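S.K.: Test case, fold it:
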Amino acid sequence: MTIEHIEDLKVYVQVIDSGHLAAAGRVLGLSATLVSRRLARLEAALGVRLLTRTTRRLHVTDEGKVFYSRCQRILSELAHAQRELLPTSNEISGTVRVVLPTSMLSYGIMDALNDFMLHNPLIVIQVQISDEPVDLLAGGWDVGTHIGVPNDSSHIGRHLGAVSPKIAATPEYLARYGLPESPLELSQHDCIRVVRRGVVHEYWPIIDKQGEVQKVPISGRLICHDFITLYSAMCAGVGIGLIPLAALRKAQAKGELIEILPDCRIEGVTLYAIIPAGRNKLPRVQVFVNWLRSFMETLDV
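M.R.: Have a look, this model is predicted:
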């Protein structure tokens, strides 16, 4: 059998939200008996048990929990789609769910996001900061980021810009161990390494003053998985690390970090916004991604 009544999904979600059949019925304007019948019809269509019921409590099965999460997203998207079709709806509204890398914090993303929300008062932003891979589809996310051209055909990629980090360390570290004067001298220092896509970086691709790329082997006893940890470790004097220019400027202003080998640069990476196919056509998502691209273009990163 197949689900033929969207109202059954609304009943199911309301029952879980209310915690009781009678309470859900009062919200929906239905009798507890009718609520029970619609739940039974839904379970019969799915062929699985969603809830177990006693005289006092409802217990959601594992299958029911997964289905509840899906139903929430389905009903939310349906509501947004209906609002967007209203001829009187001139302003873009709804929730944009976003996963951003921790390095975005160093770019001043939260200050900029505040400005975005002031200019888009009907848009709600749900944001998660993470450097770990996230399943956008499974998590119900609208926008994520990806280093390099995305190769997942189920997602749409939008170019945001290139990121070229700087080499830096604290004045105390450099006073203790010396200032590297050439890229290869970095191999003799404690360099804070990072993990990307499960792989620990063992070298830095440094472009010297002549424009030649040198793959400089690096070593160090600290390995970080996110920018916040990396930045904190660098400011604590643990070693030399790579940092976005925007973050370096702030640290330099506070006297926390000093740029190393300013005449050299690191091979940059290209950052893309990735959007699950279909969501890229939602006006609220389009507005956010366009804003994110404009924000990145204002940064000298």
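S.K.: separation between His155 and Glu77?
M.R.: Remark: distance between His155 and Glu77 (CB to CB, to the nearest Å) = 17 Å. Where C-beta positions appear, they are placed from N, C-alpha and C, glycine not excepted.
S.K.: cool, and Leu51?
M.R.: Applying CB to CB, the value for Leu51 to Glu77 is 24 Å.
S.K.: swap in Asn114?
M.R.: Taken as CB to CB, the span from Asn114 to Glu77 is 27 Å.
S.K.: ok, Leu51 and Glu77, which is more surrounded?
M.R.: Taking other CB atoms under 10 Å, Leu51 and Glu77 do not tie; Leu51 has more neighbours (18 against 15).
S.K.: In this structure that one contacts Gly64, no?
M.R.: Yes - between Leu51 and Gly64 there is a contact at 5.7 Å, judged by CB atoms under 8 Å.
S.K.: who touches both of these two?
M.R.: With contacts defined as CB atoms under 8 Å, 6 or more residues apart in numbering, the residues shared by Leu51 and Gly64 are Ile16.
S.K.: tell me which residues in the helix ranked longest in the chain are buried?
M.R.: For the chain, the helix reaching the highest residue count under DSSP state H is reported as helix 62-84. By neighbour count with 16 or more other CB atoms under 10 Å, helix 62-84 contains the buried residues Gly64, Phe67, Tyr68, Cys71, His80.
S.K.: what about that helix, average pLDDT?
M.R.: Helix 62-84 shows a mean pLDDT of 84.
S.K.: Would you state the strands of the stretch 51-200 of the chain in chain order?
M.R.: For the stretch 51-200 of the chain, the strands defined by DSSP state E, counting those that start in this stretch occupy 51-53, 58-60, 94-100, 123-129, 144-147, 155-163, 166-169, 193-196, 199-200.
S.K.: Buried deepest among those strands, which one?
M.R.: strand 166-169 (a mean of 25; mean count of other CB atoms under 10 Å).
S.K.: Which other helices and strands does that strand contact?
M.R.: In terms of contacts (3 or more CB pairs under 8 Å, 6 or more residues apart in numbering; DSSP states H and E), strand 166-169 is packed against strand 241-243, helix 245-253, strand 258-260, strand 265-266.
S.K.: what does the first one rub up against?
M.R.: Yep, that's strand 241-243 we're talking about. By CB under 8 Å, 6+ apart, strand 241-243 touches 106, 165-169, 191-192, 194, 204, 230-231, 233-234, 251, 257, 266.
S.K.: Direction included, what does that strand pair up with?
M.R.: Paired strands of strand 241-243, with direction, are strand 166-169 (antiparallel) (DSSP bridges).
S.K.: Now do the phi/psi pair for Val213.
M.R.: Dihedral pair for Val213: phi -90, psi 130, per degrees, to the nearest 10.
S.K.: Poorly predicted segments of this protein, please.
M.R.: Of all residues in the chain, those with pLDDT under 70 make up the ranges 1, 55-56, 83-90, 300-301.
S.K.: can you tell me which residue is nearest the centre of it?
M.R.: Centroid-nearest residue in the chain, with CA atoms, centre = their mean: Val99, separated by 1.1 Å.
S.K.: which residues touch it?
M.R.: Val127, Gln128, Ile129, Ser130, Val134, Leu136, Gly139, Trp141, Val143, Gly144, Thr145.
S.K.: Appreciated, that's everything.
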